[in-house]
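1. Got a predicted structure here, sequence first:
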Amino acid sequence: MLQSIANASTSSAAPALPPMGPALVLRVLSKRPRPAQASAPGPLTSSFTLPAIDAAHVARYAAALGFAPGAVPLTWWYLPVQRAHMTTMLTDAFPYRLAGIVHVENELVAHAAPPANTPIRLDTRIDILPPTSSGAVYCALETAGSAGGERIFTCTSKYLAVRGQRSGKGARQVPAVQPGSVIDSWTLPPSSGRAYARVSGDWNPIHLTRWSARLLGLPAPIIHGMHSVARSCAALEAAAGRRVSAMSVRFTAPVPLGSTVVLTSGNAPGRYALSCGEALAAEGAYTLA
């Protein structure tokens, strides 16, 4: 599907990618849902241009997340992708409220090093998937980044847009931590959400302070999911002495600020798990370059 997105859009100019920051987050939080339709809308597509990569910003991001200096970290690509996703979902064609939408899965794949001083084109497609048996509605988002006709990276995300009816009583079961070799661990100070917001532009209130998280219904602030993925990616690279060229994640539980996160090897080669206390917070796979 990503190949068709890129081929369909390369012949036309794409507008500049809007900046990610408090103004965009405010628009996201204030978007209201449209009345329910008899059927889900067709695929939503968008194309944007990211100007030449800001090397200074990449360096700040790498230092903040623990990457060795040099090439663009794989997870850095999610920053422009998120801007493209949010801007596309803010259009009237996307029928759901964005406040409370949950990022449940993500995959990033690097295909080639970006050429210096060259704009990157981002082509995105969003599909609203049929409701599950419980009534939950998920959205599949696919973005291809290219420069000069060459694929640079791809990103596939999955978001929960409408929660389904839970069966049974009580809280949702969180998967237990599976045993594995410890690769790294880190503790999240109360300021870590704001620190990541400064480098990523994602100022979602649920990640910032206790009072702002409570405004959106959370008892305490949680760290950004892609912060956890980036820290894991950097640690995996440090352990292997090689770059990670592809990485997937499935988020299973939020990670509160102030907690300690442990990164372990997964249940098979090329897999990893991230735990917080006794709960599995995320798990996925990775490929070394």
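-> Received the coordinates, thanks.
2. low-scoring stretches of the protein, by residue?
-> Applying pLDDT under 70 to the chain flags the ranges 1-12, 36-40, 166-178.
3. Stretch 82-93: how far from the chain's middle?
-> How far stretch 82-93 lies from its chain's middle: 14 Å, per CA atoms, centre = their mean, to the nearest Å.
4. my bad, stretch 140-160
-> How far stretch 140-160 lies from its chain's middle: 12 Å, per CA atoms, centre = their mean.
5. hang on, residue 48 packs against residue 84?
-> Yes. Between residue 48 and residue 84 there is a contact under CB atoms under 8 Å: 5.4 Å. C-beta here means a position set from N, CA and C on the backbone, and glycine is covered the same way.
6. Give me the more crowded residue out of the two.
-> Using other CB atoms under 10 Å, the more surrounded residue of residue 48 and residue 84 is residue 84, with 24 against 20.
7. Contacts only, for the more buried one.
-> 17, 46, 48, 122, 124, 143 (CB atoms under 8 Å, 6 or more residues apart in numbering).
8. Nearest to residue 150 among these?
-> Checking the contacts of residue 84 against residue 150 with CB to CB, the nearest one is residue 122 at 14.0 Å.
9. would you say that closest one is within a strand?
-> Yes. Under DSSP: H, G, I helix; E, B strand; the rest coil, residue 122 sits within a strand.
10. what's around it, how many residues?
-> 28.
11. Report the contact partners of it.
-> By CB under 8 Å, 6+ apart, the contact set of residue 122 is 14, 17, 47-50, 80-81, 84, 143-145.
12. What subset of those is buried?
-> 14, 17, 47-48, 50, 80-81, 84, 143-145 (16 or more other CB atoms under 10 Å).
13. which of those residues lies closest to residue 213?
-> Set against residue 213, the nearest of the buried ones among the contacts of residue 122 by CB to CB is residue 81 (24.3 Å).
14. Go ahead and confirm that closest one touches residue 155.
-> Yes. Residue 81 is within contact range of residue 155, at 4.6 Å (criterion: CB under 8 Å).
15. Spit out the residues that contact those two alike.
-> Common neighbours of residue 81 and residue 155 (criterion: CB under 8 Å, 6+ apart): 143, 145.
16. picking that back up, need the contacts of residue 84 in CSV with distance to residue 135, can you?
-> Shown next, in CSV, are the contacts of residue 84 (distance: CB to CB, whole Å):
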residue, distance to residue 135
17, 34
46, 28
48, 33
122, 32
124, 26
143, 27
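17. ok, and the closest non-adjacent residue to residue 226?
-> Leaving out its chain neighbours, the residue that sits closest to residue 226 by CB to CB, 6 or more residues apart in numbering is residue 78, at 5.3 Å.
18. which SS state does that neighbour fall under?
-> Of the three states, residue 78 takes helix under three-state DSSP.
19. How many neighbouring residues does it have?
-> Neighbours around residue 78, by other CB under 10 Å: 23.
20. Next: residue 90.
-> 16.
21. State the distance from it to residue 130.
-> To residue 130, residue 90 is 23 Å away according to CB to CB, to the nearest Å.
22. three-state assignment of the nearest residue to residue 57 once chain neighbours are set aside?
-> Nearest non-adjacent residue to residue 57, counting by CB to CB, 6+ apart: residue 199, 7.8 Å away. In the three-state summary, residue 199 is assigned as helix, counting by three-state DSSP.
23. need the contact list for residue 199.
-> 57, 60-61, 64-65.
24. how does it look with 6 Å?
-> 60-61, 64 (CB atoms under 6 Å, 6 or more residues apart in numbering).
25. List buried members of those by neighbour count.
-> 61, 64.
26. Kindly indicate which of the contacts of residue 199 lies nearest residue 187.
-> Minimum distance to residue 187 across the contacts of residue 199 is 15.5 Å, recorded for residue 64 (CB to CB).
27. Am I right that residue 245 is in a strand?
-> Yes. Read with three-state DSSP, residue 245 is one of the residues of a strand.
28. Show me the strands in the chain, by range?
-> 44-50, 102-110, 120-128, 137-147, 150-162, 182-187, 244-251, 260-265, 271-276, 279-288 (DSSP state E).
29. can you list those in a markdown table and add distance to residue 231?
-> Below are the strands of the chain laid out as a markdown table (distance: least, CB to CB, whole Å):
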| stretch | distance to residue 231 |
| --- | --- |
| strand 44-50 | 24 |
| strand 102-110 | 14 |
| strand 120-128 | 24 |
| strand 137-147 | 22 |
| strand 150-162 | 18 |
| strand 182-187 | 6 |
| strand 244-251 | 12 |
| strand 260-265 | 7 |
| strand 271-276 | 9 |
| strand 279-288 | 11 |
